[in-house]
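[1] heads up, no residue letters with this:
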């Protein structure tokens, strides 16, 4: 089993749709959680950190459930520019905070 | 925000030659930098953790004699791919953590696309 597993996707949605991505992790000692966005042939860019209390940034909402070892990302009112691959990243509290990436979920928003 | 640069952005080399890639944190200090490799349509795979002033920690399956890492200062880490072969062709990305940051956020360099012919 992979340490970090994401929805396989791809997700193809119309503009304005709401889309949710899920991610599970296996290491219960994990301490920090992030969603990154990666555009084709570019480096990943931090989208948002994920906290147990949940956090929202505009159209994006991230949620963490430590008991279920589950992370989610919700995108509301999706835009064409949201088309990208979304990476779930889990960082351990040991081993110099090594990060493990999920395989990513590709989102395509269509007009 | 924190900026990480990589040089070169792309390189084409012949089989058997060595290639050095530089990773710099431009506006912050980083005791730890990470080197990743990403093949097409796959996620990032951590190759090694680069620690300033000490030896790098390599992930299982990554040959330390082939991928030489040097982290001589708080703002620079280098990865040298020695005796490169076509199967080493990939997108190499470094990342760094800001000492003054929190929550283990990583800032990524723009990547180096290596093609070995």
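    Looks like it came in fine. Here the structure is a predicted model, which means the values were calculated and not measured.

[2] Can you give me every residue that contacts the closest residue to residue B:23 other than its chain neighbours?
    The shortest distance from residue B:23 to any non-neighbouring residue, by C-beta to C-beta, 6 or more residues apart in numbering or on different chains, is to residue B:94 (3.4 Å). Every residue, glycine included, has its C-beta placed from N, CA and C. For residue B:94, the contact set (C-beta atoms under 8 Å, 6 or more residues apart in numbering or on different chains) comprises B:4, B:6, B:21, B:23, B:33, B:34, B:35, B:36, B:77, B:79, B:108, B:109.

[3] need the contact list for the last one.
    In other words, residue B:109. Counting by C-beta under 8 Å, 6+ apart, residue B:109 makes contact with A:43, B:4, B:5, B:6, B:23, B:24, B:93, B:94, B:95, B:96.

[4] Can you report how many residues lie near residue A:37?
    Neighbours of residue A:37 under the rule other C-beta atoms under 10 Å in any protein chain shown: 19.

[5] would it count as being in a strand?
    Yes: assigned with DSSP: H, G, I helix; E, B strand; the rest coil, residue A:37 falls within a strand.

[6] Pairing partners for it in the sheet, please.
    On the basis of DSSP bridges, residue A:37 is bridged to residue A:45, residue A:86.

[7] where's it relative to residue B:27, distance?
    In this view, residue A:37 and residue B:27 are 22 Å apart by C-beta to C-beta, to the nearest Å.

[8] same thing with residue A:20?
    35 Å.

[9] Roughly how far does the residue nearest to residue B:23 sit from residue B:75?
    Residue B:94 is 12 Å from residue B:75, by C-beta to C-beta.

[10] Enumerate every residue touching residue B:27.
    B:2, B:3.

[11] Show the pLDDT at it.
    pLDDT recorded at residue B:27 is 86.

[12] coming back round to it: secondary structure element holding the residue nearest to residue B:23?
    In the assignment (DSSP states H and E), residue B:94 maps to strand B:90-96.

[13] Tell me the helices and strands packed up against whatever helix or strand comes next after that strand.
    Note on strand B:90-96: by DSSP H and E, the next helix or strand toward the C-terminus is strand B:107-108. Judged by 3 or more C-beta pairs under 8 Å, 6 or more residues apart in numbering or on different chains; DSSP states H and E, strand B:107-108 is in contact with strand B:90-96.

[14] list the buried ones in stretch A:44-62?
    A:44, A:46, A:47, A:48, A:49, A:50, A:60, A:61, A:62 (16 or more other C-beta atoms under 10 Å in any protein chain shown).

[15] can you name the two of the residues you listed that are farthest apart?
    Greatest spatial distance among these (C-beta to C-beta): A:44 and A:61, at 19.8 Å.

[16] Which strand residues bridge residue 19?
    No chain specified, so I'll use chain A. Bridge pairing for residue A:19 - DSSP bridges - gives residue A:75.

[17] was after chain B, sorry
    Under the criterion used (DSSP bridges), residue B:19 bridges to residue B:81.

[18] ok now do it, which residues does it touch?
    Contacts of residue B:19 (C-beta under 8 Å, 6+ apart): B:11, B:13, B:80, B:81, B:84, B:114.
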